[in-house]
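>>> what shape does this take:
(one chain, ligands or ions: 1)
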Amino acid sequence: MRDFEYLAPRSIGEAVALLQQHGAKARCLAGGTDLVLMMTDKIATPAYVIDIKHIPELNVFEWDPTGGLTIGAAVPFRILERSDVVQRHYPGMAESAGEVGSWQIRNLATPGGNLCTASPSAEIAPILWALDAQVTIAGPNGSRRIPVQQFVTGVRRTALEPEELLVDIRVPPPGERAGSHYIKLKERQKMDIAFVGVAAAVELEPGDGVIREAKIALGAVAPTPIRVPKAEATLRGQRLTDERLEEAGREAADAAKPITDVRASAEYRKEMVHVLTKRAIRQAVAIATQH
Ligand SMILES: Cc1cc2nc3c(=O)[nH]c(=O)nc-3n(C[C@H](O)[C@H](O)[C@H](O)COP(=O)(O)OP(=O)(O)OC[C@H]3O[C@@H](n4cnc5c(N)ncnc54)[C@H](O)[C@@H]3O)c2cc1C
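Model (predicted):
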């Protein structure tokens, strides 16, 4: 690993000033589970490593029934996975957090780092896409908030400017009768990245089984995570039947643009999107029905 200078700012302003000062020679460090490997392999050779874990705003983990959930960019996956609030209000997010690596990795790795690495198979992405999350970004001109769907712009590319950092992820509160579910398809039980990731988030009308809102997102089957508006429209305002589920599953498979690589073929991935989308929707509706 190349020598570097370790910097530990205590405020967002200080971190932004360091990013401005050092530009492309600097990299932010959250859990380090991607960055340290990139540095060991010399894929990244920053001269300055800016540890963001001592900045108070980046350690916020707050739930407010009207404002929703705020997840600071330095909060690790293990907190999400074990949080009662996340398990109750965003079960798909708790499932997604629990799928990352091992518990040792999850004690370090952050959803913020997962988004910033912007790997097509990033674990947290599909559920954040399905929950319509937003991200707060800080830079020299203050802060801005954008939908998470606009944050990842390509394979390992984000909307962050070199002198900006990710501050937090904001997830809106779920509706009264809401449910969500995430399914990861992988080869090994643990410590494997997804061939396919599917997230579904639904809200039901009060009193009956009509789906008021449905959101479906896929990971690992396109350069960036994607939503499937066609399948969502198929379900919206309808009761869940086998025919609608089949149609939504097919529409999700049509929207997927996977590649063939050493881990799985494109055809297999598409077929699995079909199967897992149906499963994720059914489970999200079952959870919503319990409210
Ligand atoms: C053994 C192992 C198993 C893994 N398993 C999985 C898995 O199952 N699923 C999965 O998706 N990933 C997995 N990963 C990858 C990794 O753990 C995740 O991507 C993790 O979420 C990265 O978060 P981090 O906090 O460690 O990021 P870091 O490594 O600290 O940073 C990652 C990148 O984001 C940048 N960055 C981080 N935070 C900010 C910020 N606030 N503002 C601006 N830039 C920032 C860094 O500069 C760096 O470029 C695994 C990794 C290992 C080593």
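>>> near the ligand, which residues of the stretch 151-291 of the chain are found?
Neighbours of the ligand within the stretch 151-291 of the chain, by C-beta under 6 Å from any ligand atom: 160, 165, 166, 191, 193. Where you see a C-beta, it was placed from the backbone N, CA and C, and this is true even at glycine.
>>> using a markdown table, lay out these together with secondary structure and distance to residue 200.
Listed next are these as a markdown table, based on DSSP: H, G, I helix; E, B strand; the rest coil; distance: C-beta to C-beta, whole Å:
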| residue | secondary structure | distance to residue 200 |
| --- | --- | --- |
| 160 | coil | 28 |
| 165 | strand | 31 |
| 166 | strand | 25 |
| 191 | coil | 25 |
| 193 | coil | 20 |
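>>> any idea which of those is closest to residue 127?
Nearest to residue 127 among these: residue 193, at 15.8 Å, using C-beta to C-beta.
>>> report pLDDT for the closest one.
Residue 193 is assigned a predicted lDDT (pLDDT) of 80.
>>> just give the nearest non-adjacent residue to it, would you?
Closest residue to residue 193 apart from its sequence neighbours, by C-beta to C-beta, 6 or more residues apart in numbering: residue 121 at 4.7 Å.
>>> in ChimeraX, how would I select the buried members of the residues of the stretch 151-291 of the chain next to the ligand?
This is how ChimeraX selects the buried members of those, with burial counted by 16 or more other C-beta atoms under 10 Å:
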select :160,165,166,193
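>>> distance to residue 217 added to the residues of the stretch 151-291 of the chain next to the ligand, as CSV?
Shown next, in CSV, are those (distance: C-beta to C-beta, whole Å):
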residue, distance to residue 217
160, 21
165, 25
166, 19
191, 23
193, 17
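>>> could you pull out the strands for the chain?
In the chain, the strands defined using DSSP state E lie at 5-7, 26-29, 48-51, 61-64, 68-72, 134-139, 142-147, 152-154, 157-158, 165-171, 178-185, 196-204, 211-219, 226-227.
>>> so which of the ones you listed is the most packed in?
Across the strands of the chain, the average number of neighbours (mean count of other C-beta atoms under 10 Å) peaks for strand 196-204, which reaches a mean of 29.
>>> ok, back up a step: who are the contact partners of the residue nearest to residue 193?
Contacts for residue 121 (C-beta atoms under 8 Å, 6 or more residues apart in numbering) come out as 193, 194, 197, 219, 220.
>>> wait, what's in contact with the nearest residue to the third one once chain neighbours are set aside?
Nearest residue to residue 197, sequence neighbours excluded (C-beta to C-beta, 6+ apart): residue 219, at 3.4 Å. With contact set as C-beta under 8 Å, 6+ apart, residue 219 has these partners: 120, 121, 122, 123, 125, 126, 194, 196, 197, 198, 199, 225.
>>> and what of residue 129?
By C-beta under 8 Å, 6+ apart, the residues touching residue 129 are 148, 149, 199, 215, 217, 225, 226, 227.
>>> for the ligand, what's its nearest residue on the chain.
residue 113 (2.1 Å; C-beta to the nearest ligand atom).
>>> unless I'm mixing things up, that residue is touching residue 38, no?
No: using C-beta atoms under 8 Å, residue 113 is not in contact with residue 38; the gap is 11.3 Å.
>>> these two: which is more packed in?
Using other C-beta atoms under 10 Å, the more surrounded residue of residue 113 and residue 38 is residue 113, with 25 against 16.
>>> so for the more buried one, what's the nearest residue that isn't a sequence neighbour?
In space, residue 113 is closest to residue 30, 4.1 Å off (C-beta to C-beta, 6+ apart).
>>> burial count for the residue nearest to residue 86 when sequence neighbours are not counted?
The shortest distance from residue 86 to any non-neighbouring residue, by C-beta to C-beta, 6+ apart, is to residue 94 (4.7 Å). Residue 94 is flanked by 23 other residues according to other C-beta under 10 Å.
>>> what of residue 175?
Residue 175: 17 surrounding residues under other C-beta under 10 Å.
>>> residue contacts, it?
By C-beta under 8 Å, 6+ apart, the contact list for residue 175 reads 203, 212, 213.
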